[in-house]
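Engineer: fold the following for me, if possible:
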Amino acid sequence: MRYFYPYLGYKEECQQIPIQFPPQHQPFQPGLETLMSPKPIFDNPNYIGTGKLKGKVALVTGGDSGIGRAVSLAFAKEGADICIVYYNEHEDAYITKSYIEAQGRKCLLIAGDIRDETFCKNVVCSCLSVLGRLDVLVNNAAVQFPQASIENITYEQMELTFQVNFFGIFIMTKYALPYMECGSTIINTTSAAAYVGNDLLIDYSSSKGAIISFTRTMAQSLVSRGIRVNAVAPGPVWTPLQPSTWPAEYIETFGSKTPMKRAGQPVELAPTYVYLACDDSSYVTGQVLHVDGGRSMQS
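Structural biologist: Numbering: from 1, shown residues only. Just a heads-up that it's a prediction; the model follows:
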């Protein structure tokens, strides 16, 4: 296996970031981080929080693993308590919880389906009941199902993709908003695929495009209330969604077509979410930040 050595603090403590992966496939989405090889890098041990989110509560969908795990841990390092919403990946979720609690922060785990409006409403109520408030909403959960042609995409697949990737964001935002005060933030995870397209992920790319429009529209809608809405557009990132999406042989070169010639790691996304969640970005709303290894330059 080949590795790249980025500067993540002190050079002698640099973590190995793989630029190739062994073939692997998981039969069910959204996949399990515990089954991946190598494991995604979700923590930078040299990252020391400075209280940028002290006293805040963040709700993160898809927070059990991948980008969501890295974001949840970074938020905890910055002083936030975390409510993690996940589908059914219980082992991954409890591992993430243990890392958050090791930072001295509270972590509430809620399992369920964000396609269900009642579930989303109950998530917000539980978050408020247990953690007392809601300051940061990170809409991150997603699915993707490759097909060679639009003719192979069933109505049921398209509906599922949009229900998870877009409807879930819409509904969660709707029920969270009444409890978010001036200074609160919403961060949506879109994708570089919304900009450059992906001929194997037509419905996924389209759902991620809808998130961009939603982000900009909600930013306009909420600016008078002092609530900022932004998004992050990852490129190919080594998360459980990848081995649960693609055939085993595809994984070997995953991310190699980016200008940086490698996939990103969740830890490389987390600081962007911290920036958008805290007052460092107090003059930023309606924007999409690209963390994609240069992928969007190829459009």
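
Engineer: low-confidence regions, the stretch 151-299 of the chain specifically.
Structural biologist: The model of the stretch 151-299 of the chain has pLDDT under 70 over residues 299.

Engineer: likewise for the stretch 1-150 of the chain?
Structural biologist: Scanning the stretch 1-150 of the chain with the threshold set as pLDDT under 70 gives 1-15.

Engineer: 90 instead?
Structural biologist: Applying pLDDT under 90 to the stretch 1-150 of the chain picks out residues 1-19, 29-30.

Engineer: residues near the residue nearest to Val138 when sequence neighbours are not counted, how many?
Structural biologist: The shortest distance from Val138 to any non-neighbouring residue, by C-beta to C-beta, 6 or more residues apart in numbering, is to Val60 (4.4 Å). In this view, the C-beta of every residue, glycine as well, is placed from N, C-alpha and C. Val60 has 28 neighbours, counted by other C-beta atoms under 10 Å.

Engineer: surely Val60 is within a strand?
Structural biologist: Yes. Secondary structure assignment places Val60 in a strand (DSSP: H, G, I helix; E, B strand; the rest coil).

Engineer: how about the contacts made by it?
Structural biologist: 68, 71-72, 75, 82-85, 138, 140 (C-beta atoms under 8 Å, 6 or more residues apart in numbering).

Engineer: now the most centrally placed residue in the chain: how far from Thr239?
Structural biologist: Residue closest to the mean C-alpha point of the chain, counted by C-alpha atoms, centre = their mean, is Asn140 at 3.9 Å. As judged by C-beta to C-beta, to the nearest Å, Asn140 and Thr239 stand 10 Å apart.

Engineer: picking that back up, ok, the residue nearest to the centre of the chain - contacts?
Structural biologist: Residues in contact with Asn140 (C-beta under 8 Å, 6+ apart) are 60-63, 67-68, 71, 189.

Engineer: just curious, which of those residues is nearest to Ile150?
Structural biologist: Thr189 (24.1 Å; C-beta to C-beta).

Engineer: surely the closest one and Pro234 touch.
Structural biologist: Yes. Assessed by C-beta atoms under 8 Å, Thr189 is found in contact with Pro234 at 6.9 Å.

Engineer: quick check: neighbours shared by those two?
Structural biologist: Ile67.

Engineer: tell me the strands in the stretch 101-250 of the chain, going along the chain?
Structural biologist: Taking DSSP state E, counting those that start in this stretch as the criterion, the stretch 101-250 of the chain contains strands spanning 107-111, 136-139, 185-189, 228-234.

Engineer: most packed of the ones you listed?
Structural biologist: strand 136-139 (a mean of 28; mean count of other C-beta atoms under 10 Å).

Engineer: from the contacts of Asn140, pick the one nearest Ala263.
Structural biologist: Ile67 (12.1 Å).

Engineer: so what's the closest one up against?
Structural biologist: So Ile67 contacts 140, 189, 234, 237, 239, 266, 269-270 (C-beta under 8 Å, 6+ apart).

Engineer: can you redo the residues you listed as JSON lines, where the extra columns are distance to Lys208?
Structural biologist: As requested, the contacts of Ile67 are exported to JSON lines (distance: C-beta to C-beta, whole Å):
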{"residue": "Asn140", "distance to Lys208": "12"}
{"residue": "Thr189", "distance to Lys208": "9"}
{"residue": "Pro234", "distance to Lys208": "10"}
{"residue": "Val237", "distance to Lys208": "13"}
{"residue": "Thr239", "distance to Lys208": "15"}
{"residue": "Pro266", "distance to Lys208": "18"}
{"residue": "Leu269", "distance to Lys208": "15"}
{"residue": "Ala270", "distance to Lys208": "20"}
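
Engineer: and which of those residues is nearest Gln24?
Structural biologist: Distances from Gln24 to these, taken by C-beta to C-beta, are shortest for Thr239, at 12.9 Å.

Engineer: so what pairs up with the residue nearest to Val138 in the strands?
Structural biologist: Under DSSP bridges, the beta-bridge partners of Val60 are Ile84, Val138.

Engineer: how far away is it from Phe170?
Structural biologist: 17 Å.

Engineer: quick one, helices of the stretch 1-150 of the chain?
Structural biologist: For the stretch 1-150 of the chain, the helices defined by DSSP state H, counting those that start in this stretch cover 66-77, 90-102, 117-131.

Engineer: of those, which is nearest Tyr179?
Structural biologist: Tyr179 sits nearest to helix 117-131 of all the helices of the stretch 1-150 of the chain, at 5.9 Å, using C-beta to C-beta.
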